[in-house]
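[1] Below: sequence and its predicted model.
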Amino acid sequence: MSSKTYRATSPARRAMTVSGFDGVDKHARPERSLTEVVKKNSGRNSYGRITVRHKGGGNRRKYRVIDFRRDKLDMSAKVLRLEYDPNRSAFIALVEYEDGERRYILAPVGIAAGDSVVSSANADIKPGNCLPLENIPVGTVIHNIELYPGRGAQFVRAAGVAAQLMAKEAGMATIRMPSGEMRKVRLDCRATIGQVGNIDHSNVSIGKAGRKRHMGIRPTVRGSVMNPCDHPHGGGEGKSPIGRPGPVTPWGKPTLGYKTRKAKNRTNKFIVKRRNAK
């Protein structure tokens, strides 16, 4: 994927970049039967209290229903087009099955309009095809991985990421996650071959504050520039340090690197190596 730059007609345009949208139909309207209304709550819960800060506004968007289960087995589907999805970093592909049904799937690297994909235990090892982990060769690059059989993919779905199947033993597959974590997953879980598309998403420069507002993200103010009554980092003369052993949230809880995973989490036994292990 490429990136598009702009002429420096303003200070914002000077640094601003966007995706080149190679092979993506930018002007295609989403498939109406596969869209749902997204109700905005601006980070507020049912009581109207803000539970997630810095949310609000943004452009209207429709949710595209993505087929994370890939449960239409042994039937090939033709890729009609690649589309932009405002709800995720990855691009999506509209596919049409032999019986006429249409679905959205995540678009991996190397897939284009006119290609065919299939979800089958006997499918070829090529980008876009979905297979059980037990039928995928060791060393294959995969994405869109199930954690529980039949629940649908929960892992490795962001733009440009990929996992690798490292080993298969005793009914479990060992997978190296994009973070470097080594994790075990049941062999009857499904995964899709290839790397998620839109690789250059991480290189995009937002360029201006208004572009964040279009995404529904409101301004974030540093705690160190607040008053002591507003944040534990606040106060002091001039640019003062936070005055604590480590950074904390506005409510005094440790943050930025503080481990929050429970020591007795029942899924700890599936993690072979943590991402930050020495």
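    Cool, the structure landed.

[2] Now do the same contact list for Gly252.
    Residues counted as contacts of Gly252 (Cβ atoms under 8 Å, 6 or more residues apart in numbering) are Pro232. Backbone N, C-alpha and C define where each C-beta goes, glycine included.

[3] quick thing: my sequence starts at 880, can you match it?
    With 880 as the first residue, the last one maps to Gly1131.

[4] Secondary structure element holding it?
    Assigning secondary structure by DSSP states H and E places Gly1131 outside every helix and strand.

[5] got it, and Glu915?
    Counting by DSSP H and E, Glu915 is found in strand 914-916.

[6] Met1105 is in contact with His1112, isn't it?
    Yes. Counting by Cβ atoms under 8 Å, His1112 is a contact partner of Met1105 at 7.1 Å.

[7] Settle it for me: which of the two has more neighbours?
    Neighbour count, other Cβ atoms under 10 Å: between Met1105 and His1112, His1112 has more, with 21 against 15.

[8] From Thr1134, how far out is that one?
    According to Cβ to Cβ, to the nearest Å, His1112 stands 11 Å off from Thr1134.

[9] For the two, list the residues in contact with both.
    Looking at what touches both His1112 and Thr1134 (by Cβ under 8 Å, 6+ apart), the common residues are 1126-1127.

[10] Can you pull up the most central residue in the protein?
    Geometric centre of the chain, nearest residue: Ala1037, 2.8 Å, by Cα atoms, centre = their mean.

[11] And that one, what's its pLDDT?
    In this prediction, Ala1037 carries a pLDDT score of 96.

[12] show me the residues around the residue nearest to Thr1099 when sequence neighbours are not counted that make contact.
    Of all residues not flanking Thr1099 in the chain, His933 sits nearest, at 5.2 Å (Cβ to Cβ, 6 or more residues apart in numbering). With contacts defined as Cβ under 8 Å, 6+ apart, His933 is in contact with 922, 1096-1099.

[13] Quick check: phi and psi on His933?
    Per-residue torsions, His933: phi 70, psi 30 (degrees, to the nearest 10).

[14] if I look at it, how far off is Lys1087?
    17 Å.

[15] got the residue ranges for the helices in the stretch 880-1029 of the chain?
    890-894 (DSSP state H, counting those that start in this stretch).

[16] mind listing the strands for the stretch 980-1129 of the chain?
    If DSSP state E, counting those that start in this stretch is used as the criterion, the strands of the stretch 980-1129 of the chain fall at 981-985, 995-996, 1009-1011, 1020-1022, 1024-1025, 1032-1034, 1042-1048, 1051-1055, 1061-1065, 1069-1072.

[17] which helices and strands does the fifth one pack with?
    With contacts defined as 3 or more Cβ pairs under 8 Å, 6 or more residues apart in numbering; DSSP states H and E, the secondary structure elements packing on strand 1024-1025 are strand 1032-1034, strand 1069-1072.

[18] okay, those strands, which one's buried deepest?
    Stretch with highest mean neighbour count among the helices and strands packed on strand 1024-1025: strand 1069-1072 (a mean of 25; mean count of other Cβ atoms under 10 Å).

[19] Now it: average pLDDT?
    When pLDDT is averaged over strand 1069-1072, the result is 97.

[20] repeat for stretch 939-955
    95.

[21] before we move on, what about stretch 1042-1058?
    pLDDT averaged over stretch 1042-1058 gives 95.

[22] hey, C-alpha coordinates of it in CSV?
    The C-alpha trace of stretch 1042-1058 is given here as CSV (Å, rounded to 0.1, in the frame of the first residue of the first chain):
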residue,chain,number,x,y,z
ALA,A,1042,0.5,-14.0,13.4
GLN,A,1043,2.5,-17.1,12.7
LEU,A,1044,1.7,-20.7,13.4
MET,A,1045,4.7,-22.1,15.3
ALA,A,1046,3.8,-25.6,16.4
LYS,A,1047,1.0,-28.2,16.8
GLU,A,1048,0.9,-30.6,19.7
ALA,A,1049,-1.6,-32.4,21.9
GLY,A,1050,-4.7,-30.8,20.3
MET,A,1051,-3.3,-27.3,20.7
ALA,A,1052,-1.6,-24.9,18.3
THR,A,1053,1.2,-22.5,19.4
ILE,A,1054,0.8,-19.1,17.8
ARG,A,1055,3.2,-16.1,17.8
MET,A,1056,1.0,-13.1,18.1
PRO,A,1057,1.9,-9.7,16.5
SER,A,1058,2.9,-8.4,20.0
